[in-house]
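**Student:** What follows is a protein structure lacking sequence information:
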Ligand SMILES: [Zn+2]
């Protein structure tokens, strides 16, 4: 999930409703930077006019919420597509102009959020019910967290810090996205790597294959190359992505965030941001991570013993002289999965062609929630990106989805959803989202199908939301809840009854053999200790980096990773490409585990039938429909008919 501009998301994604006509969203197309700049200028003029109009409202009892939501919508109209295009648009000048506009809009927003006149009117605004009251409280929080109540000097400092932090985040992401780093291998060195990964790659003067660091290329090399030096070279290259420049940027960012929190009397940025989330405090986040560590620690050691045994067998050396290195973990895990469970992820590709996989996730949504996805003829930012209308069972238009499936140069290099335009029932506005992935054209592995369904889950959250206001629409929920609806769906791809929908969307496709799925379902529990320990390390590193004292990120990382059973490797700099920390997930990575606990709880309602349309309907109406307009704890309670519980999560951690 992408959470651009998160700290001020509530207002940063600041419009006048376009009326209630139910039309699919028209994705704007930009041929050059001048058109982007012209739209940006219009946006800033409109926002200033809207701000002045709020200042002129009566001090008490005015409909300030509707006026703020109109600003949010106007902002989304322009910045929504810009934020997406800065990651996917093929023209660099357009991407850069979109980035520049985002910075200019953030400057406007941080100043606006210090506007006393608006703040006073918001405090005494007309509120009709709990939904209005929650939005009012969250907007007041956004103003207060931006410094509206600080003395003038503090306000100016808050503005400067915000502008600097926004710039640093963009610099960090750009360096990763625009990396041209490659690693050269002879064909022999690539033994074990599926030829589809490297056959069409460029060659250097010596005839060696030059492979980029995008994950559809790098991951199969690290997971499959039989020769250890090959894995090591590719792994080391990915661990240097972003470079020393990004380490410096991340450190500066952490320092500025610390300064920012101090302006408000907090000792750490982690304390400052977590108080607005489900978790409520950094201490509570830490305690939760400790409870997960207790549950998986022994399991990690057992997993590593199995991996060491596998490596000793492969290399023909005694176990005592065998060490599992960082670049071995993914490879050995795959090897054991193949050997023990006879699961070969590559073998799934022939069953999961990209277009059919997309049709499959659409079919899952149709079965669970009664919605249809219909292709539109609309041309988008690239010939390979396509738009779809989303319709309810009765044909009513619900929103628009864009899908951009395949890798290309300069494109965002992971899988994500931009839910950049939000619904508002009050102003008759329909949502739009973009699903961006980097799949292999030959087909998806089962793991990638899981990723597709996860990301599609974010799109559904945005598209099936029907909130009164756009500000808390769809995925604009608390950061440590936002992953739960997507994580809930991940398990669906291991269910043969769900996968049978493939034959509905592609009658001529060979069905994936049931025993392949069953083996994969068992195999995914193997190495859970290693996997969860890694997630814990990321989450704890993130909280530590945003703790009371800011340390150089690489030194902190080396110390923390060095204390793990596989240790750290000199010369690597993983934090330099850890994009979550530079973007909206600062002091928020723990949220993946936290929301997984919520997801496991939500899944219990689908235990008998994951495609149950009655439960699906209830889930759509009680959880997805409300976005962030109701507290997540309350959404979970309404859906499950009881308060949330972590029992299902800890039970799942114990499954062998
Ligand atoms: Zn996600």
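**Tutor:** Now that the structure is in, tell me what you want to look at. Remember, it's a predicted structure, so these values are computed and weren't measured experimentally. Numbers count the residues shown, from 1 in each chain.
**Student:** per-residue pLDDT, the residue in the chain sticking out farthest from the centre?
**Tutor:** Of all residues in the chain, residue 318 has its C-alpha farthest from the mean position, at 42.3 Å, by CA atoms, centre = their mean. For residue 318, the pLDDT comes out at 95.
**Student:** buried sites along stretch 27-34?
**Tutor:** 27, 28, 30, 33 (16 or more other CB atoms under 10 Å). To be clear about C-beta, it is placed using only N, CA and C from the backbone, and glycine gets the same treatment.
**Student:** end-to-end on that stretch?
**Tutor:** With CA to CA, to the nearest Å as the measure, stretch 27-34 spans 17 Å from end to end.
**Student:** Other residues contacting it?
**Tutor:** Defining contact as CB atoms under 8 Å, 6 or more residues apart in numbering, one finds that stretch 27-34 is touched by 36, 39, 81, 85, 89, 91, 93-94, 96-97, 378-381, 387, 400, 402, 432.
**Student:** from memory the residue farthest from the centre of the chain sits against residue 308, does it?
**Tutor:** No. Under the criterion of CB atoms under 8 Å, residue 318 is not in contact with residue 308, lying 10.7 Å apart.
**Student:** which element follows the strand or helix carrying residue 109 toward the C-terminus?
**Tutor:** Counting by DSSP states H and E, the element that carries residue 109 is helix 92-112. Next helix or strand after helix 92-112 toward the C-terminus (DSSP H and E): helix 116-123.
**Student:** Strands of the protein, residue ranges please.
**Tutor:** Secondary structure of the chain (DSSP state E): strands at 182-185, 209-212, 372-375, 385-391, 397-404, 416-421, 432-436.
**Student:** Just checking: what are the partner strands of the longest one?
**Tutor:** When sheet partners are counted by DSSP bridges, strand 397-404 sits next to strand 385-391 (antiparallel), strand 432-436 (parallel).
**Student:** So, low pLDDT: which residues of the protein?
**Tutor:** 1-21 (pLDDT under 70).
**Student:** re the thing from before, can you tell me which of the contacts of stretch 27-34 are classed as buried?
**Tutor:** By 16+ other CB under 10 Å, the contacts of stretch 27-34 give 36, 39, 81, 85, 89, 91, 94, 96-97, 378, 380-381, 387, 400, 402, 432 as buried.
**Student:** got the residues of the stretch 301-450 of the chain near the ion?
**Tutor:** On the criterion CB under 5 Å from the ion, the ion has no neighbours in the stretch 301-450 of the chain.
**Student:** Which parts of the stretch 301-450 of the chain are helices?
**Tutor:** In the stretch 301-450 of the chain, the segments counted as helices under DSSP state H, counting those that start in this stretch are 329-341, 354-369, 446-463.
**Student:** Tell me which of these sits nearest to residue 548.
**Tutor:** Comparing the helices of the stretch 301-450 of the chain against residue 548 with CB to CB, the closest turns out to be helix 329-341 (31.8 Å).
**Student:** can you tell me how far the residue in the stretch 101-250 of the chain positioned nearest to the ion sits from residue 359?
**Tutor:** For the stretch 101-250 of the chain and the ion, the shortest gap (CB to the ion) falls at residue 215, measuring 15.2 Å. Distance, residue 215 to residue 359, by CB to CB, to the nearest Å: 24 Å.
**Student:** How about the contacts made by residue 483?
**Tutor:** With CB under 8 Å, 6+ apart, residue 483 has these contacts: 1, 591, 592, 595, 596, 599.
**Student:** my guess is the last one meets residue 481, correct?
**Tutor:** Which is residue 599. No. At 9.8 Å, residue 599 does not count as touching residue 481 under the criterion of CB under 8 Å.
**Student:** which of the buried ones among the contacts of stretch 27-34 sit farthest apart?
**Tutor:** Within the buried ones among the contacts of stretch 27-34, 96 and 400 form the most distant pair, 26.2 Å apart (CB to CB).
**Student:** about what we covered before: correct me if wrong: the residue of the stretch 101-250 of the chain closest to the ion contacts residue 414.
**Tutor:** Yes. Using CB under 8 Å, residue 215 is in contact with residue 414, at 6.6 Å.
**Student:** List the residues that are in contact with both of the two.
**Tutor:** residue 438.
**Student:** what are the bridge partners for residue 402, then?
**Tutor:** Going by DSSP bridges, residue 402 forms beta bridges with residue 387, residue 434.
**Student:** any idea how far it lies from residue 560?
**Tutor:** 39 Å.
**Student:** Residue 501 too?
**Tutor:** As judged by CB to CB, residue 501 and residue 560 stand 43 Å apart.
**Student:** And for residue 412?
**Tutor:** According to CB to CB, residue 412 stands 28 Å off from residue 560.
**Student:** Of these two, which one has the most company?
**Tutor:** Each of residue 412 and residue 560 has its neighbours counted (other CB atoms under 10 Å); residue 412 has more, 21 against 16.
**Student:** Residue 502 against residue 361, yeah?
**Tutor:** No. Look at residue 502 against residue 361 with CB under 8 Å: they stay out of range, at 10.5 Å.
**Student:** Between these two, which has more neighbouring residues?
**Tutor:** Higher neighbour count among residue 502 and residue 361: residue 361, with 26 against 22, using other CB under 10 Å.
**Student:** what's near enough to touch that one?
**Tutor:** Counting by CB under 8 Å, 6+ apart, residue 361 touches 452, 453, 456.
**Student:** What of residue 499?
**Tutor:** Going by CB under 8 Å, 6+ apart, the list of residues near residue 499 reads 360, 493, 511, 512, 517.
**Student:** out of the residues you listed, who's nearest the ion?
**Tutor:** Using CB to the ion, residue 493 is the member of the contacts of residue 499 that sits closest to the ion, with 15.0 Å.
**Student:** Any idea how many residues pack against residue 242?
**Tutor:** The burial count for residue 242: 24, using other CB under 10 Å.
**Student:** Distance check, it against residue 451.
**Tutor:** On the measure of CB to CB, residue 242 and residue 451 end up 22 Å apart.
**Student:** And for residue 567?
**Tutor:** Distance, residue 567 to residue 451, by CB to CB: 29 Å.
**Student:** okay, these two: which has more neighbours?
**Tutor:** Ranked by neighbour count (other CB under 10 Å), residue 567 and residue 451 place residue 451 first, with 20 against 13.
**Student:** That one contacts residue 416, correct?
**Tutor:** No. The pair residue 451 / residue 416 is not scored as a contact, 10.2 Å apart, by CB under 8 Å.
**Student:** And the residue of the stretch 551-656 of the chain that's closest to the ion?
**Tutor:** Here the residue of the stretch 551-656 of the chain nearest the ion is residue 592; by CB to the ion that distance is 7.9 Å.
**Student:** so what's that residue up against?
**Tutor:** For residue 592, the contact set (CB under 8 Å, 6+ apart) comprises 483, 487, 535, 539.
**Student:** if you set the cut-off to 10 Å instead, what comes out?
**Tutor:** Applying CB atoms under 10 Å, 6 or more residues apart in numbering, we find residue 592 in contact with 1, 480, 482, 483, 484, 487, 535, 538, 539, 580, 585.
**Student:** same deal with residue 371?
**Tutor:** Neighbour list for residue 371: 362, 365, 390-393, 396, 398-399, 460, 463-464, 620 [criterion: CB under 10 Å, 6+ apart].
**Student:** So residue 625 is in contact with residue 466, correct?
**Tutor:** Yes. Taking CB atoms under 10 Å as the definition, residue 625 is a contact partner of residue 466 at 4.9 Å.
**Student:** Need the overlap of contacts for those two.
**Tutor:** By CB under 10 Å, 6+ apart, the residues touching both residue 625 and residue 466 are 423, 425, 474.
**Student:** ok, for the last one, nearest residue in space, not its chain neighbours?
**Tutor:** Of all residues not flanking residue 474 in the chain, residue 462 sits nearest, at 3.5 Å (CB to CB, 6 or more residues apart in numbering).
**Student:** what about the one you found, how many residues close to it?
**Tutor:** Using other CB under 10 Å, residue 462 has 28 other residues around it.
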